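[1] have a look at this prediction, sequence included:
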Amino acid sequence: MFHLEEPLPAPPMLSDGEFAQLRRFIHQAAGIAMSPGKRSLIQSRLAKRLRQLRLNSYAAYWRMIADPANALERQYAINLLSTNETYFFREPEHFAWLRQLAARRQGGGELRLWSAACSSGEEAYTIAMILAETLGLQGLWRVYATDINTRVTAFARRAVYPQAKASRTPPDLWRRYLLRGRAEYAGMVKVAPELARKVSFSNLNLLHAAHFQHSRFDVIFLRNVLIYFDEATKLRVLLALCDKLREGGHLIIGHSESIRHLELPLTQEAPSRYRLDSRFADGRIDEHRRSDC
């Protein structure tokens, strides 16, 4: 038996006050600083959700996500309002350098890397390909990957992507580490299970990076996320990440980002690549932080 579904109501317009409320929400919840020009983005990303919930205003939705009892909907809103755009071998110069670093570290103990804003996982799996090539799949290395968005980390664990996302992968690495889909998976690729097992995904709000259970990383990738933070949030997050680096460890940011103006225990080695200053390693970062207060 068939019947016509009742049409969903048209989404309301986002008022000035509602826009201000939602800007404050995403800044407080995730550190994301939405500029006044992002009004249409917020409205469009939340409009479908309002229709699904049959809410007649953005203020009603804000009241819903502001209620501590609605933690799941709050996370849903964060997922909708956070930006996740990436692909395999994005900004390839970083991976060329990583290959050299890994080669120098052969036989030097476990190499630990963190993709701190991993989105849907392409960066983490690219890192894993480089380490597998240099140190072997059974080598002493591990990749940890985190993101605030629960939807994209679930996608990353599946390790299945449109082929277009892998188009910049070198052919020899594609053959070894990506499986082509067939039938209903035509046009897709899957990360080889033996490589995927070397990557651990979890959810983490970078505002709480200091509480990440793992530490002493050799390299932390934090690429193309600082552009969404204001200066105070950048400093807070970066100081927490510096605490997670081993002595001489490296922080990698996006090519379009700059942190040279911030007071951090880092020495710039190259554009978008920084090394933890040994003077502030092993528990002295707190002292550095206090000296600048």
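    Received the coordinates, thanks. Treat the numbers as computed from the prediction; the structure is a model and nothing was measured.
[2] going by C-alpha atoms from here, please, whenever you check contacts or count neighbours.
    Fine.
[3] so Asn84: helix, strand or coil?
    coil (DSSP: H, G, I helix; E, B strand; the rest coil).
[4] over to the one 4 residues further on?
    Applying three-state DSSP to Phe88 yields a three-state assignment of coil.
[5] what is the burial count for it?
    The tally of other residues near Phe88 (other Cα atoms under 10 Å) stands at 21.
[6] my read: it touches Glu123, true?
    Yes - taking contacts as Cα atoms under 8 Å, Phe88 lies within contact range of Glu123: 6.0 Å.
[7] next up, the contacts around the residue nearest the centre of the chain.
    Central residue of the chain (Cα atoms, centre = their mean): Ala117, 1.6 Å from the mean position. By Cα atoms under 8 Å, 6 or more residues apart in numbering, Ala117 lies in contact with Ala145, Thr146, Asp147, Ile148, Phe221, Leu222, Arg223, Val225.
[8] reformat these as TSV; add pLDDT, neighbour count and secondary structure.
    Putting the contacts of Ala117 into TSV (pLDDT from 0 to 100; neighbours: other Cα atoms under 10 Å; DSSP: H, G, I helix; E, B strand; the rest coil) gives the following:
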residue	pLDDT	neighbour count	secondary structure
Ala145	98	26	strand
Thr146	98	26	strand
Asp147	97	22	strand
Ile148	96	23	coil
Phe221	98	22	strand
Leu222	98	19	strand
Arg223	96	22	coil
Val225	94	17	coil
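[9] what about stretch 201-221, distance to the chain center?
    Distance of stretch 201-221 from the chain centroid (Cα atoms, centre = their mean, to the nearest Å) equals 11 Å.
[10] give the buried residues for it.
    Neighbour counts over stretch 201-221 (16 or more other Cα atoms under 10 Å) mark 201-207, 209-210, 212, 215-221 as buried.
[11] repeat that for stretch 156-173.
    Buried residues in stretch 156-173, counted by 16+ other Cα under 10 Å: Ala156, Arg157, Ala159, Val160, Tyr161, Pro162, Gln163, Lys165, Ala166, Thr169.
[12] let me see the contact set for Glu123.
    Thr86, Tyr87, Phe88, Phe89, Arg90, Ser115.
[13] where are the low-confidence patches of this structure?
    For the chain, the stretches flagged by pLDDT under 70 are 1-11, 279-293.
[14] and Ala59, what does it touch?
    Neighbouring residues of Ala59 by Cα under 8 Å, 6+ apart: Glu18, Gln21.
[15] and it, helix, strand or coil?
    Look at Ala59: counting by three-state DSSP, its state is helix.
[16] ok, and the closest non-adjacent residue to Ile130?
    Residue nearest to Ile130 in three dimensions, not counting chain neighbours: Arg99, with 6.0 Å by Cα to Cα, 6 or more residues apart in numbering.
[17] partner residues bridging Gln268?
    Beta-bridge partners of Gln268, counted by DSSP bridges, are Tyr274.
[18] what do you get for Arg142?
    Where Arg142 sits in a bridge, its partners, by DSSP bridges, are Arg112.
[19] tell me, how many residues neighbour it?
    As a burial measure, Arg142 scores 19 neighbours (other Cα under 10 Å).
[20] follow-up on the earlier one: now, of the contacts of Glu123, which are buried?
    The neighbour count (16+ other Cα under 10 Å) marks Tyr87, Phe88, Phe89, Arg90, Ser115 as buried among the contacts of Glu123.
[21] which one of those residues is nearest Ala30?
    Ser115 (17.2 Å; Cα to Cα).
[22] from Leu241, how far off is that closest one?
    11 Å (Cα to Cα, to the nearest Å).
[23] mind listing the shared neighbours of the two?
    Going by Cα under 8 Å, 6+ apart, residues that sit against Ser115 and also against Leu241 are Ile220.
[24] what distance separates stretch 77-95 from the centre of its chain?
    Offset of stretch 77-95 from its chain centre (Cα atoms, centre = their mean): 7 Å.
[25] sort out which residues of it are buried, please.
    77-82, 84, 87-90, 94-95.
[26] Throw the buried ones among the contacts of Glu123 into JSON lines and include distance to Asn56, thanks.
    Listed next are the buried ones among the contacts of Glu123 as JSON lines, based on distance: Cα to Cα, whole Å:
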{"residue": "Tyr87", "distance to Asn56": "37"}
{"residue": "Phe88", "distance to Asn56": "40"}
{"residue": "Phe89", "distance to Asn56": "43"}
{"residue": "Arg90", "distance to Asn56": "41"}
{"residue": "Ser115", "distance to Asn56": "39"}
